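Sequence and predicted structure below; questions after.
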Amino acid sequence: MRFYTEVTSRTNAEASGLGLYLSKKLVEKMDGKMEAEIEKDWFILQIHLPVHGMQT
């Protein structure tokens with residue numbers, strides 16, 4: 001997954017997209033996955049984490 005800032009007029013010119021990258025790496029360390037996409041005018045971020053210790 002590649003992260004970048006798309007519209008410079010709405011973002012900090014000094015931003016590097018590093019926050020999303022670090023978030024993805026943290027989620028992966030917790031055995032999860034993170035996906036991002038843009039659909040029409042929506043930024044969609046999905047985070048999937050396993051549930052440990054839950055009893056059914």
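On my side now, so go ahead. Numbering: from 1, shown residues only.

what's across from residue 33 in the sheet?
residue 48 (DSSP bridges).

what's the burial count for it?
Residue 33 has 14 neighbours, counted by other CB atoms under 10 Å. Placement of C-beta: from N, CA and C, glycine included.

Does it touch residue 48 like I think?
Yes - contact criterion CB atoms under 8 Å: residue 33 and residue 48 qualify, at 5.0 Å.

Could you count how many residues lie near the closest residue to residue 37 other than its chain neighbours?
Leaving aside its sequence neighbours, residue 37 sits nearest to residue 44 (CB to CB, 6 or more residues apart in numbering; 5.1 Å). Neighbour count for residue 44, taken as other CB under 10 Å: 10.

Residue 44: helix or strand, and which one exactly?
Using DSSP states H and E, residue 44 sits within strand 42-48.

what residues are up against the residue nearest to residue 37?
By CB atoms under 8 Å, 6 or more residues apart in numbering, the contact list for residue 44 reads 36, 37, 38.

Buried only: go through those for me.
By neighbour count, with 16 or more other CB atoms under 10 Å, those hold no buried member.

Now render these as TSV, adding secondary structure, pLDDT and distance to residue 22.
Output for those, formatted as TSV (DSSP: H, G, I helix; E, B strand; the rest coil; pLDDT from 0 to 100; distance: CB to CB, whole Å):
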residue	secondary structure	pLDDT	distance to residue 22
36	strand	89	13
37	strand	91	19
38	strand	92	20
